[in-house]
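K.L.:
I'll drop the sequence and a predicted model, then ask my questions.
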Amino acid sequence: MSITQFKDTLNTHLPDSAPVAVPLGEPVAVASTLSVERNDGVETGIWECTPGRWRRQIKSQEFCHFIQGRCTFTPDNGETLHIQAGDALMLPANSTGIWDIQETVRKTYVLIL
């Protein structure tokens, strides 16, 4: 197994950009990702998203550390979490809900598939 290192995560260029899969109104958020999927069921990377509201569709367990921006996540049948740069989050598998990005966010993440 090789070591994955991301240097200067705040300034790293993220090559892949696309509108979020399930936007909820305007503006439509655009997400960018630089990721590495390993053969052991783990994906890791840097992710950035512009302002907008959208529905989280990821079924995997996720740990993420926010390094820029401000947003909220409201899990289905749960209370709204207010998130800003410096915060970390552990989302259990099948955590669905609504992301509301107020200020472009950037995070590092690990998905456990």
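P.N.:
It's in.

K.L.:
quick one: contacts for the spatially most central residue of the chain?
P.N.:
When Cα atoms, centre = their mean is applied to the chain, the residue found nearest the centroid is W47 (5.5 Å). Contacts for W47 were tallied using Cβ atoms under 8 Å, 6 or more residues apart in numbering; they are L14, A31, S32, T33, S35, C64, R106, K107, T108, Y109. C-beta coordinates here come from the backbone N, C-alpha and C atoms, glycine included.

K.L.:
cool, R106 as well?
P.N.:
Taking Cβ under 8 Å, 6+ apart as the contact definition, R106 lies against T9, L10, I46, W47, E48, F66, I67, Q68, G69.

K.L.:
could you redo the last one with a cut-off of 6 Å?
P.N.:
Contacts were defined as Cβ atoms under 6 Å, 6 or more residues apart in numbering; by that measure R106 touches E48, I67, Q68.

K.L.:
What pairs with the least confident helix or strand in the chain by mean pLDDT, parallel or antiparallel?
P.N.:
Counting by mean pLDDT, DSSP states H and E, the chain has its least confident helix or strand at strand 16-19, which shows a mean of 89. Within its sheet, and counting by DSSP bridges, strand 16-19 is paired with strand 30-37 (antiparallel).

K.L.:
tell me which residues of the strand it pairs with are tucked away?
P.N.:
Using 16 or more other Cβ atoms under 10 Å as the test for burial, strand 30-37 gives V30, A31, S32, T33, L34.

K.L.:
Format the CA atom coordinates belonging to the helix or strand just after that strand as CSV.
P.N.:
Under the assignment DSSP states H and E, the closest C-terminal helix or strand after strand 30-37 is strand 42-49. Output in CSV follows, covering the C-alpha atoms of strand 42-49 (Å, rounded to 0.1, in the frame of the first residue of the first chain):
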residue,chain,number,x,y,z
VAL,A,42,-11.1,4.0,1.0
GLU,A,43,-11.3,7.2,-1.0
THR,A,44,-9.5,10.3,0.1
GLY,A,45,-9.2,13.8,-1.3
ILE,A,46,-9.8,17.5,-1.3
TRP,A,47,-13.3,18.8,-2.2
GLU,A,48,-14.6,22.4,-2.8
CYS,A,49,-18.1,23.6,-3.3
